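A.B. asks: Below: sequence and its predicted model.
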Amino acid sequence: MQSPTVAELTDRARHVFRDIVDSYLNTGAPVGSRTLSRAGGLGLSAASIRNVMQDLEELGLLAAPHASAGRLPTELGLRMFVDGLMQTNEASEEERAAIEKGLASGMERGGLEEMLGQTMAALSGLSQCAGLVLVPRTDMIIRQLSFLLLAPRRALAVLVGADGSVENRVVNVPEDMPPGALEAAANYINARLAGLTLTDAATRLAEEIAADRAALDAMTADAVRAGLAVWSADGAQRPVLIVRGQARLVEPSVDPERIRQLLGDLEDKEELVKLLELAGNADATRIFIGAESRLFSLSGSSVIAAPYRGQGGRVVGVVGVIGPTRLNYARVIPMVDYTAKTLSRLVA
């Protein structure tokens with residue numbers, strides 16, 4: 001069903017609808033006509049409010065959990081509220097300070113991923129949601145590479161990056177490769193390719209082999225190629241996703257099956273990355289409510305995400321939060337937006 005626009009609602013319907021949504025976002029409970037009438041802000045009788053609520057339900061903006069209950073906004077109604085009725089301000093001074101403190105803490109500990117992880121922990125605490133960030137694909141700069149033969153046709157490659165990070169990968173090598181060939185491969189990489197990115201190192205290797213300047217026998221050359229290729233392929237196919245604060249999604253009042261579904265969705269990193277990449281294609285903060293994202297259609301969750309940019313305004317990653325559809329959009333959206341803009345200033 002396509003949501004009606006705010007302009008298509010009467011003033012009375014708009015006021016009733018806004019009060020219902022505001023109450024729902026604050027309490028999570030259905031709202032009845034008598035409650036709204038007693039609040040006095042609308043100046044309407046309970047009977048008049050019931051008639052308006054019925055009209056809004058027919059438009060698909062409200063629903064009743066059961067016959068005798070009050071009304072809740074539907075996902076369609078929440079979308080209309082977010083797009084047409086909600087008013088947002090900038091993140092508060094305290095919220096900005098907390099986000100910047102998380103950034104500073106991560107920078108002190110060193111490394112981009114640590115900085116982003118600490119920032120997501122701060123955003124998660126402020127929003128009471130899980131914080132998400134898609135780390136830009138980076139090409140590690142080689143400081144040192146070593147090999148250890150594990151078994152016939154299997155070797156462990158240990159790469160030390162210029163930033164001090166250490167990563168291990170198991171690589172395939174020829175069955176009859178002697179340990180000396182692996183040692184020669186490591187010596188060649190450390191002498192000739194250290195200081196280059198993995199991509200540039202692979203290009204340099206190909207050029208030197210083509211020009212017969214590599215001074216490598218066939219098996220050693222194969223070991224060098226394998227040691228470089230395992231990281232290059234893995235890095236291109238696996239952007240890093242950092243999630244912090246999943247425990248905040250577990251509330252005693254929430255249906256346990258919905259919690260199980262949501263936590264399962266968060267384990268589906270590939271689909272979560274695809275969702276965040278959709279936000280990365282946007283010019284500003286994007287909001288996915290419930291079934292608007294296939295990934296979270298069953299758990300009834302919302303995602304608020306915004307791209308952050310590097311040099312030249314190029315999108316290098318996405319930051320956001322995930323929580324229930326009943327979250328304080330007006331407060332959380334400015335937090336996500338401020339976090340994205342702050343990261344943009346740091347990585348540009």
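C.D. replies: Thanks, I have the structure now. Numbering: from 1, shown residues only.

A.B. asks: In terms of helices and strands, where is residue 303?
C.D. replies: Here residue 303 sits within strand 301-309, counting by DSSP states H and E.

A.B. asks: Now that strand - C-alpha only, CSV.
C.D. replies: Output of strand 301-309 as CSV, limited to C-alpha atoms (Å, rounded to 0.1, in the frame of the first residue of the first chain):
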residue,chain,number,x,y,z
SER,A,301,13.8,-3.4,13.0
SER,A,302,14.9,0.0,11.7
VAL,A,303,18.3,1.1,10.4
ILE,A,304,19.5,4.7,10.3
ALA,A,305,22.7,5.1,8.3
ALA,A,306,24.7,7.8,6.7
PRO,A,307,27.8,7.8,4.4
TYR,A,308,31.1,9.4,5.5
ARG,A,309,33.5,10.7,2.9
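
A.B. asks: what's it packed up against?
C.D. replies: With contacts defined as 3 or more Cβ pairs under 8 Å, 6 or more residues apart in numbering; DSSP states H and E, strand 301-309 has these neighbours: helix 269-280, strand 286-289, strand 315-324, helix 329-347. Using the backbone N, CA and C atoms, a C-beta is placed for each residue, glycine as well.

A.B. asks: Could you find the closest non-adjacent residue to residue 250?
C.D. replies: Among residues not flanking residue 250 along the chain, residue 259 sits closest, at 5.6 Å (Cβ to Cβ, 6 or more residues apart in numbering).

A.B. asks: Let me see the mean pLDDT of the helix or strand containing that neighbour.
C.D. replies: Residue 259 belongs to helix 256-267 when assigned by DSSP H and E. What helix 256-267 shows for mean pLDDT is 74.

A.B. asks: Partner strands of the strand holding residue 303, with direction?
C.D. replies: Strand 301-309 sits in its sheet next to strand 286-289 (antiparallel), strand 315-324 (antiparallel), going by DSSP bridges.

A.B. asks: What separation do you get for residue 322 and residue 332?
C.D. replies: Relative to residue 332, residue 322 is positioned 11 Å away (criterion: Cβ to Cβ, to the nearest Å).

A.B. asks: my bad, should have said residue 184
C.D. replies: Using Cβ to Cβ, one obtains 56 Å as the distance from residue 184 to residue 332.

A.B. asks: Compare those two (neighbour count), which wins?
C.D. replies: Neighbours were counted for residue 184 and for residue 332 using other Cβ atoms under 10 Å; residue 332 has more, 25 against 20.

A.B. asks: what's near enough to touch that one?
C.D. replies: Taking Cβ atoms under 8 Å, 6 or more residues apart in numbering, we find residue 332 in contact with 127, 129, 304, 321, 323.

A.B. asks: In this structure the third one contacts residue 289, no?
C.D. replies: No. Here residue 304 lies out of contact with residue 289, judged by Cβ atoms under 8 Å, at a distance of 9.5 Å.

A.B. asks: Appreciated, that's everything.
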